[in-house]
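*Asks:* Have a look at this fold, sequence not included:
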C-alpha cells in the first residue's frame, strides 16, 4: 500500500483498461436497448421480463466452467476470441433489426451469447491483471477498471442507449458490435502470453476433468477464511440488495413521490458515488486501511436500507445512494485486490468465477424474494429485512476483517510466476 500514486500503471494496463471500458459501454447499450426492443414487439410482461432472465441465466450456468477455461488457456487470447464472437452476434442482431427480420427468439439467443461471453471476459480480465501491473498497484488498477465500467454502464449507456434506439432501433446493436471489435483490437495489442503454469501434479499425468477443477477451486476458496467470508458476504448482501432494488420503483412512487426522472436519478446518485470511489479508491483504502474500508462499508450498507425503510426524504435517500456507490467501488477494489494477491496464478480464473457465481446467485434469488416479501408483508418489509441482515452480518464478521489478518494478507509473498509460452516473457508485476 505504500506505492506512490504517481507511479504509472504501464502501457499494457492502459490498453486493458481501455478495452474493458469500451466493452462495458457496448454491453450497457444492449442492456438498455434489449428490453426496449422486446417491448416494441410484445406487450406481454412475461416476455419482457424473460429478457432479464435470459441475461442472468448464463451467470448461473457458465460462471464455474468459464473459470476452468480461463485457467487452462492463454487469457489474453481468450478475451480476444470472446470479443470477436460477440462482434458477430451483435452484428447479426443489428442487421436483422435493420432489415425487419428480427425476432424475440433471436434477441434472446444473442443476449444469452453476449452474457456468456461477459462471464468469461470478466473472469479472464481479473485473472490477467496481476500479470500486467505490479502487485503493490493492484488497488489503483482495480479502481480504474471499476470506475470505467461504472461510468459507462450506469451513467453513459442509459441515456445514449435510449437515444440511439429512438433514432434507429438497430443502432445500439451496431454500436455495441463496434465497441466489442475495438476491445478485441486493444487486447490483441497487449504484449506477452498469459497462460498459467500447470500444477506439479498435472505435469506428468492426464488433465483433470472440468468438474474436478471446479471442486478444487471451491475447496481452495473454502480454506481461505478472508476470501471465503467476502464471497459469502457478497452473495448474502446481493440477495437483500436486489430484493430492495426490485421494488424500488414502487417505493419511489408511493413514498418519495418521484416520477420516472426522479427514480432514474437515484441510480445516477449511486453511479456518481461509484465513480468517485473508483477514482480516489486506492488513496482512500490506503488512508482508511482495507480493514476499516470493509467495516465502514458494511455500516453504510445497513444505513442505506434503514433510510429506504424509514425516510420519506428523496434528498436523504439520494445522499445515501451516493455513499453506497462509494462503498460499492471500494469494496470491489479491496475484494478483487485481495483475491489477486492471495490466489495462486493457476487458480485465479476458478476462484474469480466462483465469486461471480455466488454473486449472481444472490442477485437471482433476491429478484424473486423482493416482490414476494413486499406483496406479503408490505412495501417496506424488504428494506427492514435487509437492514436487519446487514446489521447481523456486520456484527458476525467484524472480527474476521481485523487489522492483523488483513495485514498478513497484504504481506503474503506473491504466488509463483505465470508460465508463458514461447514469446515475450511476462511475470506478475512486470510493466511495459
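*Replies:* The structure has been received and is ready for your questions. Here the structure is a predicted model, which is why all the values come from computation and not from measurement.

*Asks:* Report the helix or strand with the lowest average pLDDT across the protein.
*Replies:* helix 403-411 (a mean of 79; mean pLDDT, DSSP states H and E).

*Asks:* So for that one, what gets flagged as buried?
*Replies:* Across helix 403-411, burial judged by 16 or more other Cβ atoms under 10 Å covers 406, 409. For glycine as for every other residue, the C-beta is placed from the backbone atoms N, C-alpha and C.

*Asks:* and it, how far from the chain's centre?
*Replies:* 25 Å (Cα atoms, centre = their mean, to the nearest Å).

*Asks:* now for that helix, which elements pack on it?
*Replies:* Applying 3 or more Cβ pairs under 8 Å, 6 or more residues apart in numbering; DSSP states H and E, we find helix 403-411 packed against helix 225-246, helix 290-310, helix 314-342.

*Asks:* what inclination does the first one have with respect to helix 290-310?
*Replies:* If I follow you right, that is helix 225-246. Angle, helix 225-246 to helix 290-310, by axes from the mean of the first three to the mean of the last three Cα atoms, to 10 degrees: 20 degrees.

*Asks:* Just want the angle from helix 225-246 to helix 403-411.
*Replies:* For helix 225-246 against helix 403-411, the angle by the same axes, to 10 degrees is 100 degrees.

*Asks:* Low-confidence ranges, the protein, go.
*Replies:* Scanning the chain for pLDDT under 70 picks out 1-7, 45-46, 48-49, 52, 197-207, 260, 412-432.

*Asks:* domains for it, by residue range?
*Replies:* Taking automatic domain parsing as the criterion, the chain consists of the domains 6-195, 210-415.

*Asks:* which of these is buried the deepest?
*Replies:* The highest mean neighbour count among the domains of the chain, using mean count of other Cβ atoms under 10 Å, belongs to domain 6-195: a mean of 20.

*Asks:* Nearest approach to residue 363 belongs to which of the helices and strands packed on helix 403-411?
*Replies:* Closest approach to residue 363 among these (Cβ to Cβ): helix 225-246, 4.8 Å.

*Asks:* quick one: contacts of that closest one?
*Replies:* Helix 225-246 has contacts (Cβ atoms under 8 Å, 6 or more residues apart in numbering) with 221-222, 294, 301, 305, 308, 335, 338-339, 342-343, 351, 354-355, 358-359, 361-367, 369-371, 373, 382-383, 385-386, 389-390, 393, 397, 400-401, 405-406, 409.

*Asks:* if we go to 7 Å?
*Replies:* With contacts defined as Cβ atoms under 7 Å, 6 or more residues apart in numbering, helix 225-246 is touched by 221-222, 301, 305, 308, 335, 338-339, 342, 354-355, 358-359, 361-363, 365-367, 369-371, 373, 382-383, 385-386, 389-390, 393, 397, 400, 405, 409.

*Asks:* Kindly report the same for stretch 295-313.
*Replies:* So stretch 295-313 is contacted by 237, 244, 251, 255-256, 316-317, 320, 323-324, 327, 330-331, 380, 383-384, 386-387, 390-391, 393-394, 398, 401 (Cβ under 7 Å, 6+ apart).

*Asks:* Sounds good, over and out.
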